[in-house]
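> coords please:
(one chain, ligands or ions: 1)
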Amino acid sequence: MEERQVSRWARRRVASHLLAGTINPRRARSAATVLYRALKGSAAQLSRASLQSIFPGIDQVEVRVRYSPDQGGGSLADVITLAQVVKYLECRRMFEIGTFRGYTTFHLALNAPSGSHVYTLDLAASAVPEAKLELTDLQLIQKPSSGEWFQNTECQPRITQLFGDSAAFDYSAYEGKMDFVFVDGAHSYEYAMADSLTARRLLTSGGIILWHDYPTYPGVWRCLEVLSREWPGSFVWVEGTALVAWKPA
Ligand SMILES: C[S@@+](CC[C@H](N)C(=O)[O-])C[C@H]1O[C@@H](n2cnc3c(N)ncnc32)[C@H](O)[C@@H]1O
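A predicted model of the protein is given here:
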């Protein structure tokens, strides 16, 4: 990005941060927040379904969770759901776009069958000015470290940490090989769309893609509703979570 673009983008970030402060229930639990979220939920076009109706019997799948109050990432329901899916489907090769602290990465590795491997891609803080598309949540990128949740744990040998801009990364070594892709990088429409197209290229036949943050972020929301009209197969918003799953037809 050029200097002028960065400052315009930073102004937009400040404005959206202030707005998020008024609508994010973690920061404010006002009636307006509750109403806003309810309206968003009811305006969402993707059909909602329980995990059990998508994967019969998955409610019987027990998973391991290491709890931390500052897990950094989605809610516990989201992490447990992802862990159940990789265990239920016996995923062997998994790819995550957007590592953050690595809480989800750790739980994918912890719950997938032995011999499985997780690849997780994150944007280094120093690479922000060169980002190809519109970034979101600068505070999630400009952090002191990435993936600290799995470093020096029993899961680390089964995780490969990658760095790069998801819109510019060379995925050739991973294409067509992943049983499971989790899209959770930048949340602008442009990145959500680019990462979704990448995720589809990474999938092996019979693989599954899950996205985080529907309908929370407008960019992710719009992207998934466009894709649900264009891609064959079913898009489902998993009840009780901010996850959307796509199972190819
Ligand atoms: C919401 S956090 C991911 C949370 C993580 N998946 C979890 O469940 O704990 C978003 C992550 O995406 C990364 N990110 C943002 N833009 C990116 C880009 N263009 N390429 C790669 N990673 C990006 C950020 O650095 C941040 O770590």
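> buried set for stretch 176-185?
Burial within stretch 176-185, assessed by neighbour count using 16 or more other CB atoms under 10 Å, is assigned to Met178, Asp179, Phe180, Val181, Phe182, Val183, Asp184, Gly185. For every residue, glycine as well, the C-beta is placed using N, CA and C.
> in the chain, what spans have low per-residue confidence?
1-29, 33-34, 37, 72-73 (pLDDT under 70).
> Following the record's annotation, map out the domains of it.
As given by automatic domain parsing, the domain ranges for the chain are 1-43, 45-248.
> Turn the buried residues of stretch 176-185 into JSON lines, columns for secondary structure and distance to Ala127.
Output for those, formatted as JSON lines (DSSP: H, G, I helix; E, B strand; the rest coil; distance: CB to CB, whole Å):
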{"residue": "Met178", "secondary structure": "strand", "distance to Ala127": "23"}
{"residue": "Asp179", "secondary structure": "strand", "distance to Ala127": "28"}
{"residue": "Phe180", "secondary structure": "strand", "distance to Ala127": "26"}
{"residue": "Val181", "secondary structure": "strand", "distance to Ala127": "21"}
{"residue": "Phe182", "secondary structure": "strand", "distance to Ala127": "21"}
{"residue": "Val183", "secondary structure": "strand", "distance to Ala127": "19"}
{"residue": "Asp184", "secondary structure": "coil", "distance to Ala127": "18"}
{"residue": "Gly185", "secondary structure": "coil", "distance to Ala127": "12"}
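> What pairs with the longest strand along the chain, parallel or antiparallel?
In the chain, with assignment by DSSP state E, the single longest strand is strand 203-212. Sheet partners assigned to strand 203-212 using DSSP bridges are listed as strand 178-183 (parallel), strand 243-248 (antiparallel).
> And the first one, how far out from the chain middle?
Put plainly, it is strand 178-183. Put simply, strand 178-183 sits 10 Å off its chain's centre (CA atoms, centre = their mean, to the nearest Å).
> Look up how far Asp213 lies from the residue nearest the centre of the chain.
Most central in the chain under CA atoms, centre = their mean is Asp184, positioned 2.2 Å from the mean C-alpha point. Noted for Asp184: a distance of 7 Å to Asp213, by CB to CB, to the nearest Å.
> hang on, the earlier thing: any idea how far the residue nearest to the centre of the chain is from Tyr191?
In terms of CB to CB, Asp184 sits 11 Å off from Tyr191.
> now do Glu148
23 Å.
> Which one's more surrounded, the two?
Neighbour totals were compared for Glu148 and Tyr191, and Tyr191 leads with 27 against 17 (other CB atoms under 10 Å).
> contacting residues for that one?
Tyr191 makes contacts with Leu133, Glu134, Leu135, Thr136, Ser166, Ala167, Gly185, Gly219, as judged by CB atoms under 8 Å, 6 or more residues apart in numbering.
> can we see that at 10 Å?
97-98, 123, 131-136, 165-167, 183, 185, 219-220, 223 (CB atoms under 10 Å, 6 or more residues apart in numbering).
> gap between the nearest residue to Leu46 once chain neighbours are set aside and Tyr217?
In space, and not counting its chain neighbours, Leu46 is closest to Trp237: 4.5 Å by CB to CB, 6 or more residues apart in numbering. Computed with CB to CB, the distance linking Trp237 and Tyr217 is 14 Å.
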